[in-house]
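1. Sequence plus predicted model, see below.
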Amino acid sequence: MKDVERKLLDSIDTHLLDILQREVQISNAEIARRVNLSPPATHTRIKRLESEGFIDKQVAILNQEKLGFDLLCYVFMSTNIHQAKELEALENALKTMTEILECHCLTGEYDYLLKVVIRDRKELDRFIRKLNRLGISRIQTNLSLREIKYSTVLPISEDEQ
């Protein structure tokens, strides 16, 4: 993170962000203790980081399996759509599909990569049929057998680099 954005952040800001991305439910007083600031100064900095867009949102990450979502799929898609309005309509449709956790526009062999969570094979079949109705020319679905690593932590801490 050594770009222009980094110049806007001092070491305390970076430390705050690192703490928050690892332990969002930690108290403001504990964060202040860890960064050697007063609680009001810490709160002010965190609010500034939020308003400047360094913190997108704070959420709870749920356990997929405990909630019955047994299939995690990676879907590679290609389309023959090349007109801006039609691509925008396709992407807007993808954004509304609750099964899709992530959607990325790609370079290379496929146009899109979707990370999809599904309860079972029947739901997967319905989901793929829904994609086909959007004018997708090619779909390749890969099922995740097990998760080796999952993290939402960005390597912003100086001691990690």
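-> Everything's here; your move.

2. per-residue pLDDT, the residue of the chain most remote from its centre?
-> For the chain, the largest distance from the centre (CA atoms, centre = their mean) belongs to S38, which lies 31.7 Å off. pLDDT, S38: 96.

3. check contacts around it.
-> A32 (CB atoms under 8 Å, 6 or more residues apart in numbering). Every residue, glycine included, has its C-beta placed from N, CA and C.

4. Distance check, it against T44.
-> 9 Å (CB to CB, to the nearest Å).

5. so E86 sits in a helix?
-> Yes. According to DSSP: H, G, I helix; E, B strand; the rest coil, E86 belongs to a helix.

6. Tell me who's in contact with it.
-> G135.

7. in this structure, which spans are helices?
-> Ranges of helices in the chain, per DSSP state H, are 4-7, 11-22, 28-35, 39-51, 84-96, 121-132.

8. quick one, which of those helices is nearest to Y74?
-> Nearest to Y74, of all the helices of the chain, is helix 121-132, at 12.1 Å by CB to CB.

9. and that closest one, how far from the chain's centre?
-> Remark: helix 121-132 is offset 23 Å from the chain centroid, using CA atoms, centre = their mean, to the nearest Å.

10. Show me the one of the helices of the chain that comes nearest Y110.
-> Comparison of the helices of the chain against Y110 by CB to CB identifies helix 121-132 as nearest, at 12.8 Å.

11. From the contact counts, what lies against that closest one?
-> strand 71-79, strand 112-118, strand 136-143 (3 or more CB pairs under 8 Å, 6 or more residues apart in numbering; DSSP states H and E).

12. Check the model's average confidence along the shortest one for me.
-> What that stands for is strand 112-118. 97.

13. Paired strands for that strand, with orientation please.
-> Paired strands of strand 112-118, with direction, are strand 71-79 (antiparallel), strand 100-105 (antiparallel) (DSSP bridges).

14. Need the winner for burial among these.
-> The highest mean neighbour count among the strands paired with strand 112-118, using mean count of other CB atoms under 10 Å, belongs to strand 71-79: a mean of 18.

15. what about that one, distance to the chain center?
-> Mean-position distance between strand 71-79 and its chain equals 16 Å (CA atoms, centre = their mean).
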